[in-house]
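> Sequence and predicted structure, then a few things I'm wondering about:
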Amino acid sequence: MNLQTDLSWNSMQGGLLAYLMSESRNGIFAHIERALAPLNITVAQFRVVVGIAHERARTLSEFAVFLDYDSGAMKRLLDRIEDKGIIRRVRCMDDRRTVILELTDQGRAIYPAIMEAVTRVHREMLQGFSDVEVAQFQYLLQKLIANAGR
């Protein structure tokens, strides 16, 4: 290691990495919240809609793990989204005890506007980054996520 690497590594001691990641996430989510306000969607609701659309989770328990919510909070969140007509609960044909979440026609219709707003926020957050820096940043985040999963 050279001195610059030592300084960079040492600066991440004492929780700075977690702090920077948390502040980044909070800032991005705050911007997304404002961008989604005209659509009457919160960040938490956006994460459910995208989770369903991208098949990251299908049931209340899968979403509770995906979003790191307890099951009671997850149920309340899903109730609010369902009340807006964006998602619906459907019994699984293979296992009638399981309830699958899916987008309604309204949910599928609003999805492009949600993604447009979120994409706009991501562009704003990456303003001043070169294409190479964006690619490096994505690679480094994926590497960090992989390390966290060990």
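Everything's here; your move. Numbers count the residues shown, from 1 in each chain.
> If you count neighbours, what's buried in the helix or strand encompassing Ala44?
Assigned by DSSP states H and E, Ala44 belongs to helix 43-53. Residues of helix 43-53 classed as buried by neighbour count (16 or more other Cβ atoms under 10 Å): Val43, Ala44, Gln45, Phe46, Arg47, Val48, Val49, Gly51, Ile52. The C-beta positions use only the backbone N, C-alpha and C, and glycine is treated the same way.
> Take the residues you listed and write them to CSV, including pLDDT and distance to Cys92.
Output for those, formatted as CSV (pLDDT from 0 to 100; distance: Cβ to Cβ, whole Å):
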residue, pLDDT, distance to Cys92
Val43, 95, 28
Ala44, 94, 24
Gln45, 95, 23
Phe46, 95, 25
Arg47, 94, 22
Val48, 95, 18
Val49, 96, 20
Gly51, 95, 17
Ile52, 95, 14
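> So which of these is the closest to Leu78?
Leu78 has its nearest neighbour among those in Val48, at 6.9 Å by Cβ to Cβ.
> So Glu102 belongs to a strand, correct?
Yes - counting by DSSP: H, G, I helix; E, B strand; the rest coil, Glu102 is part of a strand.
> What's opposite it in the beta bridge?
Arg88 (DSSP bridges).
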